[in-house]
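[1] Generate a structure from the sequence data that follows.
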Amino acid sequence: MGRKATIAGIWFIGYSLGFLGYLAAPMLGTWLLAILPSLALESMVGALISGLVSSVIVTLLVMLWAKFSD
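    Reported below is the predicted structural model:
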């Protein structure tokens with residue numbers, strides 16, 4: 001797989017997961033506010049969701065890269 005194809009693949013995966021994360025954010029935000037009522041600030045809930053989604057994306061990409069780089 002070439003460099004441009006790899007970058008395009010990573011971009012597409014990140015874009016797709018970000019898109020799905022955006023669609024799921026209202027449901028996850030409501031759930032988090034119900035479980036942890038002290039997180040009443042919407043910006044805090046949004047930051048938690050964004051951080052979680054991005055950490056999962058990066059972790060999965062690094063795992064895939066490590067697996068297929070041999």
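
[2] Residue 46 versus residue 10, what's the distance?
    Residue 10 sits 24 Å away from residue 46, taking Cβ to Cβ, to the nearest Å as the criterion. For every residue, glycine as well, the C-beta is placed using N, CA and C.

[3] the longest helix in this structure is where?
    Ranked by residue count and defined by DSSP state H, the top helix of the chain is helix 3-35.

[4] Just the buried residues of that one, please?
    Within helix 3-35, the residues that qualify as buried are 17, 21, 28-29, 32-33, counting by 16 or more other Cβ atoms under 10 Å.

[5] Past that helix, which element shows up next along the chain?
    Using DSSP states H and E, the helix or strand that follows helix 3-35 in sequence is helix 42-68.

[6] buried sites along that next one?
    For helix 42-68, a neighbour-count test (16+ other Cβ under 10 Å) marks 45, 49, 53, 57 as buried.

[7] got the contact list for the second one?
    Applying Cβ atoms under 8 Å, 6 or more residues apart in numbering, one finds that residue 49 lies in contact with 21, 25, 28-29, 32.
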